[in-house]
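>>> fold the following for me, if possible:
(one chain, ligands or ions: 1)
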Amino acid sequence: MAERIVVVGASLAGLRAAESARKSGFTGEVVLVGAEEHLPYDRPPLSKAFLTGPSDVRSPEPFRTRRQLAELGVELRLGRRALGLDAAGRSVVLDDGELPFDRAVIATGAYARPLPGATGDDRIHLLRTWDDAVRLRSRLRPGARVLVVGAGFIGSEIASSALSLGCEVTVVEAGQWPLERALGAEMGLACVELHRRAGVAVHLGTAVHNIEPHDDGLTARLSNGVSLAVDLVVVGIGASPNTAWLDGSGVAVEDGAVCDAGLETTVPGVFAAGDVARWHDPAAGHTVRLENWTNAAEQGALAGRRAAGMPSTPYAPVAYFWSDWHSTRIQMLGTSAADEVVVLDGNPADGEWVAAYRRGDRVVGVLSVARPSETMKYRRLVASRAPWSDLLAFAKERVARRLAVN
Ligand SMILES: Cc1cc2nc3c(=O)[nH]c(=O)nc-3n(C[C@H](O)[C@H](O)[C@H](O)COP(=O)(O)OP(=O)(O)OC[C@H]3O[C@@H](n4cnc5c(N)ncnc54)[C@H](O)[C@@H]3O)c2cc1C
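Coordinates of the predicted model:
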């Protein structure tokens with residue numbers, strides 16, 4: 001009988017896993033299971049171009065058509081949810097029966113965390129899926145008073161989109177140092193200034209105590225004593241991995257499906273990829289879970305190769321993500337876990353700069369804001385953790401070149 005790979009989660013990581021299993025020469029069955037009814041689609045536009053774009057788009061643009069997937073020999077089970085994984089019986093338990101596998105890939109991603117106590121009113125939104133985005137878009141009318149809870153990347157992108165649609169936008173963030181984990185405290189704060197410059201009201205170090213519904217709106221009571229009357233609330237306080245279905249399966253879960261450096265979970269032959277995966281990162285020396293596009297694509301491809309029987313290779317990425325707010329692209333390469341961050345070019349006060357992160361005498365990360373052509377120029381230095389002195393010399397050369405062109 002033909003061997004079967006079952007991929008659970010039909011989004012970016014799952015699709016890449018299915019495709020790369022085929023590209024690796026796997027000739028058995030590949031089944032892609034997804035809880036959403038839609039073909040795999042891209043999430044980043046949901047908080048950006050989709051919210052601000054034409055409102056007559058009826059379905060998400062898929063990464064691949066049904067026909068392309070059929071040609072690739074990928075069988076789709078959309079609108080089907082995995083309820084469990086039976087490691088001994090080698091099957092995934094779906095809501096319509098069991099699906100046996102020889103090898104499996106867990107790519108169930110993450111869900112947007114709701115604000116405790118603030119659910120059950122359709123004017124309080126989360127944003128993770130196309131369906132969430134359609135609901136939110138219908139409410140973002142000019143003049144609407146919008147409260148965004150959370151100044152992370154997704155909250156910030158929503159604030160930016162809402163502002164550009166003519167809404168009156170307030171962002172409330174419980175932490176004093178927004179984006180600290182991703183960008184470091186200083187750079188996170190500098191990015192939040194982009195909101196203030198654009199006309200978004202920002203309250204840092206402020207929690208939402210409660211949200212009271214009324215016929216004509218909502219009142220958000222904040223920990224700083226302020227009461228805000230708004231038309232809608234969008235909660236962007238982070239995401240948690242979709243792992244409940246793995247309870248009792250033998251796959252170890254610790255804020256994500258735990259895997260080794262080659263993305264194999266604690267159940268042999270079962271791999272994990274994307275936002276749901278917590279893998280042993282040899283460079284960091286501990287396990288890491290990332291929530292970004294590039295990671296989901298790259299891990300998906302590796303998990304697919306492993307499921308197809310290719311030998312283990314450690315997943316050792318140069319982490320990269322981007323975000324777009326107020327017509328400004330923010331890009332981060334590597335890590336912000338550093339001893340020092342130094343602005344190399346430009347000035348945060350002008351909303352345009354490049355900064356580097358130093359750990360010991362090595363460069364470990366580079367951030368660029370509104371300098372999209374610069375980021376990848378530094379990739380080689382970040383990838384090799386080059387000496388800090390090399391980074392400074394390279395940056396000097398780049399600045400001189402830029403000034404000569406201008
Ligand atoms: C609004 C938004 C904007 C973003 N913008 C950026 C950006 O600008 N830059 C960037 O780098 N990253 C961005 N990201 C993050 C990026 O989109 C994610 O990292 C990426 O989608 C992760 O892919 P994934 O396949 O691991 O998981 P997901 O995309 O979360 O997909 C998981 C899939 O699994 C399905 N699933 C879950 N549980 C089950 C189950 N039990 N059975 C079957 N199916 C299940 C889900 O329905 C979902 O379709 C953004 C994310 C969002 C939500």
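>>> contacts and neighbour counts: CA atoms only from here.
OK.
>>> what residues of the longest helix anywhere in the chain count as buried?
Counting by DSSP state H, the longest helix found in the chain is helix 388-405. Residues of helix 388-405 classed as buried: 388, 391, 394-395, 398 (neighbour count, 16 or more other CA atoms under 10 Å).
>>> stretch 195-208 now?
Here stretch 195-208 shows 195, 200, 202-204, 206-208 as buried, counting by 16+ other CA under 10 Å.
>>> which one of those residues sits closest to the ligand?
Nearest to the ligand among the buried residues of stretch 195-208, counting by CA to the nearest ligand atom, is His195 at 16.5 Å.
>>> tell me the pLDDT of that closest one.
In this prediction, His195 carries a pLDDT score of 96.
>>> so it, which of the three states?
With DSSP: H, G, I helix; E, B strand; the rest coil as the basis, His195 sits in helix.
>>> run a quick check on it versus Gly188, I expect a contact.
No - using CA atoms under 8 Å, His195 is not in contact with Gly188, being 11.7 Å away.
>>> quick check: which element contains Val6?
Here Val6 sits within strand 4-8, counting by DSSP states H and E.
>>> that strand pairs with which strands?
strand 29-34 (parallel), strand 103-106 (parallel) (DSSP bridges).
>>> which of these sits most buried?
When you average the neighbours per residue for each of the strands paired with strand 4-8 (mean count of other CA atoms under 10 Å), strand 103-106 leads with a mean of 28.
>>> state the mean pLDDT of that strand.
Strand 103-106 comes out at a mean pLDDT of 98.
>>> which residues of the stretch 51-200 of the chain lie near the ligand?
Neighbours of the ligand within the stretch 51-200 of the chain, by CA under 6 Å from any ligand atom: 80-83, 107-110, 127-128, 154.
>>> what's the domain layout of this protein?
Using automatic domain parsing, the domains assigned to the chain come out as 4-111+240-307, 114-237, 327-405.
>>> which ones are touching Ala87?
249-250, 267 (CA atoms under 8 Å, 6 or more residues apart in numbering).
>>> of those, grab the buried ones for ChimeraX.
Restricted to buried positions by 16+ other CA under 10 Å, the ChimeraX selection for the contacts of Ala87 reads:
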select :249,267
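>>> closest one of the contacts of Ala87 to Asp132?
Nearest to Asp132 out of the contacts of Ala87 is Ser249 (CA to CA; 30.0 Å).
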